[in-house]
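Peer 1: Provided below for reference: sequence and predicted model.
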Amino acid sequence: MKNGRLTGKIILVAGGATGIGAETCRLFSTENPDGIAILDIKRPEGTKVAEELTETGIPSEFFDCDASAEQNWIQAVEKSVKRFGRIDVLVNAFGVGGPLVRPALTETTLDAWDKVFSINSTGVFLGMKHVIPEMVRTGGGSIVNVSSVYGLVGTQKTTSYSASKGACRALSRTAAIQYASSNIRINAVFPGFTDTPMTKDIHSDPEIREKRLSQTPLNRFARPVEIAAGILFLASEESSFMTGSELVIDGGMTAL
């Protein structure tokens, strides 16, 4: 049964093949959109999600897109608009984590720093840069950027990850101010520790798992669908008077 919070909307979810992005696609499909475009570098997984949604009656299609490559964004947006006619909602749900982001500052190489920023912050910039003109053309829209609780607090390590997610936070606020007059709302979500394919290896380490649980008052990790629920709220008209806002979904971590 469709609930209707996205009735008639065309959705583009970048990073929609796995994890929070995939669960966002699935949740959005229950809200009666006119179509969902899924962008990612993971073709098998993304195609599977698109087929799954199409089987539920929501037209969906996967398009290859490396978030760090501007030409990829240009082509993916063009293909999405050609397929669906417009873009009403953009969700930037991609990100890079793992061993690449974990060293402390003096142990972080410039190559690693550049790689993390090219996806976690430059990718968000490029997505907005090429989708916003389409939203202006059709009279407005809603953009939700997925940052991280590590964009709000300091950490012992994860230097490049924290910095890149902080950049995503500042960029979301700046863009919100710049395009409010075009009826484009831009907000950010800040997930706490979440069980996803990206965190599977680190959460399988008992020492790290227990430490992270001890930092989370609710004493568990988030499920991707719980983050997707916040993204849905910001994407829908239920948040119509919100722009430049920050929705923290962290199990109480930042309240400590």
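Peer 2: Noted; the coordinates are in hand. Residues are numbered from 1 along each chain as shown.

Peer 1: Would you map the strands across the stretch 51-200 of the chain?
Peer 2: When secondary structure is read from DSSP state E, counting those that start in this stretch, the stretch 51-200 of the chain shows strands at 60-64, 89-92, 141-146, 184-191.

Peer 1: Just list what the longest one packs against, helices and strands only.
Peer 2: For strand 184-191, the packing partners by 3 or more CB pairs under 8 Å, 6 or more residues apart in numbering; DSSP states H and E come out as helix 122-138, strand 141-146, helix 159-179, helix 224-235, strand 246-249. Glycine gets a C-beta too; all of them are placed from N, C-alpha and C.

Peer 1: what's the closest of those to residue 23?
Peer 2: Distances from residue 23 to each of those were compared using CB to CB; the shortest belongs to helix 224-235, at 3.9 Å.

Peer 1: Give the ranges of residues in this protein that sit below the confidence cut-off.
Peer 2: Counting by pLDDT under 70, the chain has low-confidence residues at 1-2.

Peer 1: now the farthest one out in it, which residue is it?
Peer 2: Using CA atoms, centre = their mean, the residue of the chain lying farthest from its centre is residue 106. It sits 28.7 Å away.

Peer 1: give the contact list for that residue.
Peer 2: When the contact criterion is CB atoms under 8 Å, 6 or more residues apart in numbering, residue 106 has no partners at all.

Peer 1: if we go to 10 Å?
Peer 2: Applying CB atoms under 10 Å, 6 or more residues apart in numbering to residue 106 gives the contacts residue 159.

Peer 1: Start at 445, not 1
Peer 2: In the new count, where the first residue is 445, that last one comes out as residue 550.

Peer 1: Could you measure from it over to residue 652?
Peer 2: Going from residue 550 to residue 652 by CB to CB, to the nearest Å gives 21 Å.

Peer 1: List the buried residues for stretch 474-494?
Peer 2: Judged by neighbour count using 16 or more other CB atoms under 10 Å, the buried positions of stretch 474-494 are 474-486, 489-494.

Peer 1: pretty sure residue 627 is touching residue 587, no?
Peer 2: No: taking contacts as CB atoms under 10 Å, residue 627 lies outside contact range of residue 587: 11.9 Å.

Peer 1: Next, show the common contact partners of these two.
Peer 2: The contact sets of residue 627 and residue 587 overlap at 579, 687 (CB under 10 Å, 6+ apart).
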